[in-house]
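Could you work out the structure for the sequence below:
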Amino acid sequence: MSQPKLKLIPAVLALIMAAGAHAQTAVTVNGQPIAQATVDAVAASVAQQSGRPATPELKDQVKKELILRAVVVQQAEKDGIDKRKDVEQEIQAQRENILINTLFGEYLKKHPVTDAQVKAKYDEFVKSFGTTEYEAEHILVPTEKEAKDIIAQLKKGAKFSELAKKDSKDTGSAANGGQLGWSTPANYVPPFAAALAKLKPGQYTTTPVQTQFGWHVIKLEKTRPAKPPTLDQLKPQIAQELQRETVQKYQQQLLAAAKITQ
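Coordinates of the predicted model:
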């Protein structure tokens with residue numbers, strides 16, 4: 001059975017409550033004040049997430065939720081739950097998560113990803129994307145002998161799609177006759193991409209191609225000029241990746257400066 005959750009309390013509540021601890025009191029619960037600033041901040045957060053205005057009715061609903069939360073927490077503390085070792089460990093883990101996330105957030109504010117960085121990353125992507133897309137099919141089998149048998153059958157006139165449905169171990173494409181759809185060589189492992197690029201439309205590999213997945217027989221159906229996604233389409237994804245890289249570098253700096261003994 002899942003545990004009941006208070007609906008209107010965002011994850012940042014602990015930080016908001018701490019910030020408003022000495023502000024004007026909205027309500028007191030068993031001697032514990034809840035600041036009006038806390039009610040306002042939580043209501044604003046809920047309004048932003050839900051897309052509705054922070055009306056007096058919403059603030060009243062938030063206040064009721066905060067009162068309920070305070071009552072439940074007080075009872076848990078009265079029962080000594082906060083002193084249990086497993087609970088203390090979980091509280092400590094949550095505290096560490098808040099500190100880590102806040103630290104990284106502050107670092108990214110001071111070291112924001114620039115448009116120039118995004119453009120440079122996009123240019124790298126376009127260069128690796130290639131100029132040609134390939135519509136390919138393949139048959140994947142565990143051994144070279146099986147792949148050679150497939151090729152022998154193709155030379156005798158067997159249909160590629162039928163052999164793929166019958167023999168290919170790639171369950172994702174076998175049902176569709178081995179079809180992989182349109183893609184650029186960069187999306188395939190190097191041996192597969194190299195073999196595919198050498199084929200002309202209608203041709204298949206007459207020598208089995210080995211990758212870490214097994215042995216492939218590859219057929220090229222068509223080619224067309226590659227059209228990479230635009231910068232605007234990829235900008236959010238690229239910015240997120242650059243932020244991850246920035247945080248990773250910062251972590252390495254912190255590790256390098258730390259004195260660690262074992």
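
and this structure, what are its domains?
Following automatic domain parsing, the chain resolves into domains at 13-110, 131-225.

Could you tell me the least trusted of those?
Per-stretch averages of pLDDT across those put domain 13-110 at the bottom, with a mean of 89.

on that earlier part again, what's the closest of the domains of the chain to Ala239?
Shortest separation from Ala239 across those is recorded for domain 13-110, at 10.4 Å, computed as CB to CB. Yep, even glycine has a C-beta here, placed from its N, CA and C like the rest.

follow-up on the earlier one: nearest to Asp123, out of the domains of the chain?
domain 131-225 (14.5 Å).

Check the separation of the first and last residues in that closest one.
End-to-end distance for domain 131-225: 6 Å, by CA to CA, to the nearest Å.

Mind giving me the packing neighbours of the strand or helix carrying Glu90?
Using DSSP states H and E, Glu90 sits in helix 85-110. Applying 3 or more CB pairs under 8 Å, 6 or more residues apart in numbering; DSSP states H and E, one finds that helix 85-110 contacts helix 13-19, helix 231-257.

rewinding a little: from the domains of the chain, which stretch is densest packed?
domain 131-225 (a mean of 16; mean count of other CB atoms under 10 Å).

Distance from that one to the middle of the chain?
Centroid displacement of domain 131-225 relative to its chain, using CA atoms, centre = their mean, to the nearest Å, is 30 Å.

ok so, going back, can I get the helices and strands packed on helix 85-110 in a markdown table including distance to Leu66?
Shown next, in a markdown table, are these (distance: least, CB to CB, whole Å):
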| stretch | distance to Leu66 |
| --- | --- |
| helix 13-19 | 8 |
| helix 231-257 | 33 |
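
Among the ones you listed, show the one with the smallest mean pLDDT.
helix 13-19 (a mean of 49).

partner strands of whichever helix or strand comes after that one, parallel or antiparallel?
Helices and strands here follow DSSP H and E; after helix 13-19, the next one along the chain is strand 25-29. Paired strands of strand 25-29, with direction, are strand 32-35 (antiparallel) (DSSP bridges).

Tell me which helix or strand comes right after the strand it pairs with.
Assigned by DSSP H and E, the successor of strand 32-35 is helix 36-50.

where along the stretch 101-250 of the chain do the helices fall?
Applying DSSP state H, counting those that start in this stretch to the stretch 101-250 of the chain gives helices spanning 115-129, 144-155, 160-167, 171-174, 190-197, 231-257.

Counting by contacts, list what the third one packs against.
In other words, helix 160-167. Using 3+ CB pairs under 8 Å, 6+ apart, the elements in contact with helix 160-167 are strand 132-141, helix 144-155, helix 171-174.
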